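**Student:** Quick one: sequence plus predicted model below, questions after.
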Amino acid sequence: MSYFSLDDFSLDNYQHLLSKITSAIGNKPLDQNLEDMLNKDFSFNSELFKEIETACHAGIKSGDLCTHEAGGVKFGRAIKPCDALNSYSVDLVDMSDVVGPHHSHPEGEIDMIMPISKEAKFDGHGAGWLVYGPESAHKPTVSEGQALVLYLLPNGSIKFTRK
């Protein structure tokens, strides 16, 4: 069932799509096993991955997603932590050959990488899922083109640093 076209976006439908991912995640630890499961069960070739990707583009086009811009990064928190998403928040960024601000993930971070440019990589990874465990940190980097990255943050927890 298709929820979106590029000319149609609703946050309710977006949240419903993402709840399929957060339900599958459940209370699993944010680690390599989770990353492997997401890349197997919700690969970049899967119908759900493609549906979420279409929804992200539709949300940007409608002006509901990536509503802020700083340092060459378009970004925005689409959904605050909520029960419907197992207490995850949802952020979306649009980056093109840029290094974003250093931050840490007190409870971890789950990234859905959606290259716009065929060869684009996020932190060295192409299309698919990347999981950072609790207390990890990085400077989010998109290289070799442009990509959308959807961040799922447990309880919306993120700390920006000055590194």
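**Tutor:** Arrived safely.
**Student:** Show me the shaky parts of this protein.
**Tutor:** 1-4, 163 (pLDDT under 70).
**Student:** how about the strands in this protein?
**Tutor:** Taking DSSP state E, the strands of the chain run over residues 68-70, 73-82, 88-99, 103-105, 109-115, 121-122, 128-132, 136-138, 141-154, 159-160.
**Student:** Check these for me and report the most buried one.
**Tutor:** Among those, ranked by average contacts under mean count of other CB atoms under 10 Å, first place goes to strand 109-115 (a mean of 23). Placement of C-beta: from N, CA and C, glycine included.
**Student:** Now do that strand against strand 88-99, angle only.
**Tutor:** Angle of strand 109-115 versus strand 88-99, following axes from the mean of the first three to the mean of the last three CA atoms, to 10 degrees, is 50 degrees.
**Student:** From the contact counts, what lies against strand 109-115?
**Tutor:** helix 47-62, strand 121-122, strand 128-132, strand 141-154 (3 or more CB pairs under 8 Å, 6 or more residues apart in numbering; DSSP states H and E).
**Student:** can you list these in a markdown table and add distance to R162?
**Tutor:** Converted to a markdown table, these look like this (distance: least, CB to CB, whole Å):
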| stretch | distance to R162 |
| --- | --- |
| helix 47-62 | 29 |
| strand 121-122 | 22 |
| strand 128-132 | 20 |
| strand 141-154 | 17 |
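**Student:** mind checking which of those is nearest L85?
**Tutor:** strand 141-154 (7.8 Å; CB to CB).
**Student:** ok and that closest one relative to strand 128-132, angle-wise?
**Tutor:** Going by the same axes, to 10 degrees, strand 141-154 makes 70 degrees with strand 128-132.
**Student:** Quickly run through the sheet partners of strand 141-154, with directions.
**Tutor:** When pairing is defined by DSSP bridges, strand 141-154 lines up against strand 88-99 (antiparallel), strand 109-115 (antiparallel), strand 121-122 (antiparallel).
**Student:** Let me have the strands of the chain in TSV, extended by distance to N27.
**Tutor:** Shown next, in TSV, are the strands of the chain (distance: least, CB to CB, whole Å):
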stretch	distance to N27
strand 68-70	31
strand 73-82	15
strand 88-99	12
strand 103-105	17
strand 109-115	13
strand 121-122	26
strand 128-132	14
strand 136-138	19
strand 141-154	10
strand 159-160	22
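**Student:** For S10, find the nearest of the helices and strands packed on strand 109-115.
**Tutor:** With CB to CB as the criterion, S10 lies closest to helix 47-62 of the helices and strands packed on strand 109-115, at 8.9 Å.
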